[in-house]
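Novice: Quick check, what structure comes out for this input:
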Amino acid sequence: MRTFSWVLVLAAACGPGSGSGPDATGGDDAAVGDADPLIDAPPLPSGPVNVVITADNAYSFGYGTATSIDHFTQGVRADGPAIFDCPINYGPESYVVPEADAPPTAFLYIIAWDDLQYTQGVLAEFSRLNATVLTGDPGFEVCATGLDYSTGPDAQTGPSLQTINAEIARCNAGTGDAATSSKGWVNSAGAVTPGANGILALGETNEDAGGTFPIVCHPTATDPGVRPAARWMWYDPNDGVQQDPFWATGANRYKAFQIFRLGVSNIIF
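Specialist: Below is the predicted model of the structure:
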């Protein structure tokens with residue numbers, strides 16, 4: 001699902017001329033006919049952001065700039081039914097991000113890591129007045145850092161904000177190790193950062209009952225959820241090996257942890 005872009009289009013309406021000549025007398029009709037129409041720009045997204053998110057196995061998220069995350073929600077890790085099953089906050093979790101922490105010019109970031117077992121992916125909805133962002137939006141990019149949080153003392157909370165921002169800088173510069181990371185940012189078509197490797201994997205929608213993942217709670221009139229059009233996301237090294245990126249191999253083939261981001265310039269609605 002695509003979301004909105006706030007592109008301001010201005011067109012000046014021309015009034016009748018004041019000089020002498022054919023258009024100066026009775027020229028109103030001609031002037032009106034020649035005028036460009038006024039085009040109203042869509043309103044900027046505003047208000048707090050209502051978030052519903054889940055990951056197999058773990059996520060953090062935040063808002064910031066192209067160079068760093070400024071407002072950060074630290075990781076949550078889950079297994080089995082606590083990833084998928086309703087109600088909200090048993091399986092997928094809900095949050096409210098204050099408007100001041102998510103200005104309309106911000107980049108949205110999602111950080112995800114897994115346990116290297118069974119399935120893996122992230123699914124989310126971020127909604128506010130005039131705008132909704134779903135995972136699977138083709139504007140998303142991913143950078144696979146190769147830093148493994150499947151085990152160890154930080155496996156539950158994941159990488160710190162300091163570590164994430166250091167990796168964002170490395171992704172932007174394209175200086176990651178090509179053998180152990182994506183080296184830079186990629187999207188579903190390939191490299192965004194020159195020399196980056198792999199692609200953003202866009203999986204099934206949240207309405208595919210026969211897919212890899214169970215359907216996560218849909219929104220209702222009274223409860224939040226993740227819309228059916230949202231798609232699971234992960235990183236695919238795209239190295240010629242025919243392996244579904246949403247299934248783990250027991251090794252860190254998919255170079256998690258992974259940083260997903262959606263920039264304001266890519267949001268179109």
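
Novice: what number of residues lie near the closest residue to Asn206 other than its chain neighbours?
Specialist: The spatial neighbour of Asn206 that comes closest, neighbours along the chain excluded (CB to CB, 6 or more residues apart in numbering), is Ala230 at 4.7 Å. C-beta: built from backbone N, CA, C; applies to glycine. The tally of other residues near Ala230 (other CB atoms under 10 Å) stands at 25.

Novice: Can you pull the poorly scored residue ranges out of the chain?
Specialist: 1-43, 264-269 (pLDDT under 70).

Novice: which residues of it fall in helices?
Specialist: Assigned by DSSP state H, the chain shows helices spanning 28-34, 81-84, 161-173.

Novice: who does the last one touch, helix- and strand-wise?
Specialist: Packing contacts for helix 161-173, counted by 3 or more CB pairs under 8 Å, 6 or more residues apart in numbering; DSSP states H and E, involve strand 69-77, strand 107-113, strand 141-144, strand 258-262.

Novice: before we move on, what about the shortest one?
Specialist: Contacting helix 81-84 under the criterion 3+ CB pairs under 8 Å, 6+ apart are the following elements: strand 46-56.

Novice: other SSEs contacting the strand it packs on?
Specialist: Using 3+ CB pairs under 8 Å, 6+ apart: strand 46-56 touches strand 58-64, helix 81-84, strand 93-97, strand 121-129.

Novice: TSV please, covering these and showing mean neighbour count.
Specialist: Compiled in TSV, the helices and strands packed on strand 46-56 are given as follows (neighbours: other CB atoms under 10 Å):
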stretch	mean neighbour count
strand 58-64	24
helix 81-84	16
strand 93-97	16
strand 121-129	23
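
Novice: Of all the ones you listed, which one is nearest Thr193?
Specialist: strand 58-64 (17.7 Å; CB to CB).

Novice: What are the contacting residues of the closest one?
Specialist: Contacting residues not belonging to strand 58-64 are listed as 51, 53, 69-78, 97, 101-103, 106-114, 122, 124, 149, 155-156, 158-159, 161, 164 [CB atoms under 8 Å, 6 or more residues apart in numbering].

Novice: Buried ones among the residues you listed?
Specialist: With neighbours counted by 16 or more other CB atoms under 10 Å, the contacts of strand 58-64 contain buried members at 51, 53, 69-73, 75-78, 97, 101-102, 106-114, 122, 124, 149, 155, 158-159, 161, 164.

Novice: still on that earlier bit, okay, the helices of the chain in TSV with distance to Arg253 next?
Specialist: Below are these laid out as TSV (distance: least, CB to CB, whole Å):
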stretch	distance to Arg253
helix 28-34	63
helix 81-84	20
helix 161-173	19
